[in-house]
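K.L.:
take this sequence and fold it.
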Amino acid sequence: MLAGRIKASVIGLAVALCGATGSVADNSAVPVAVQADRGPVTNLPMPRFVSLKANEANVRRGPSLSHRIDWVFQRRDMPLRVVGEYGHWRRVVDRDGLGGWVHYSLLSGNRTVIVDEDLLAIRSQPNDTATEVAMLELGVVADLGECGPTWCRLRAAGYRGWAPKTALFGVAPDELRD
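P.N.:
Numbers count the residues shown, from 1 in each chain. This next block holds a predicted model:
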């Protein structure tokens, strides 16, 4: 029983510290308990990518409705990186390194990416010499399909093709997907 209380205190301290910090893009500001390989609530990998399920999501300073709303995400399907968990709340970070606490019901496991390179060519095969299928503008949100070591298959605006991982936010550099 004492071990359970100590674990809860450590998680509570981690939440308090994480809520008090600004951007979590600099991992030195994130408490060690939040950097674990698995989330303390879901036991899912940490960090991990999710997408925004709602058209609007309040981003709060801490993991409860009583915490102040710092801003509102207003882009459905936007990929976010989950870096912390507490009850029904997830600490998320966007591609700019900004984030806060969002209720889990506003997040989806459907994977999406944001194009981080202007006029990114998506290709018919995962190589630089394959035929161009389409050009995607900077900031386009695309559905994420399979990923190899350096390329991922995307679907956006009715087009399907392959893009280099380095031009995308929403997929880890070492992530492989079937």
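
K.L.:
what about the strands in the chain?
P.N.:
48-52, 57-60, 69-73, 79-86, 89-93, 99-103, 107-108, 112-115, 120-123, 132-136, 141-147, 151-156, 159-164, 168-169 (DSSP state E).

K.L.:
among those, which is nearest Asp178?
P.N.:
For the strands of the chain, proximity to Asp178 was assessed by CB to CB; strand 141-147 is nearest, at 5.6 Å. C-betas here are computed from N, CA, C, even on glycine.

K.L.:
from Gly39, how far off is the spatially closest residue to Thr42 that is not a sequence neighbour?
P.N.:
Distances taken as CB to CB, 6 or more residues apart in numbering put Glu85 closest to Thr42, at 6.2 Å, once the chain neighbours are dropped. Taking CB to CB, to the nearest Å as the measure, Glu85 falls 4 Å from Gly39.

K.L.:
any idea what the residue nearest to Gly161 when sequence neighbours are not counted is bridged to?
P.N.:
Leaving aside its chain neighbours, Gly161 sits nearest to Ile122 (3.1 Å; criterion: CB to CB, 6+ apart). In this entry, Ile122 is beta-bridged to Ala134, by DSSP bridges.

K.L.:
number of residues surrounding Ile122?
P.N.:
26 (other CB atoms under 10 Å).

K.L.:
which residues does it contact?
P.N.:
For Ile122, the contacting residues are Glu132, Val133, Ala134, Met135, Leu136, Leu154, Ala156, Tyr159, Arg160, Gly161, Trp162, Ala163, by CB atoms under 8 Å, 6 or more residues apart in numbering.
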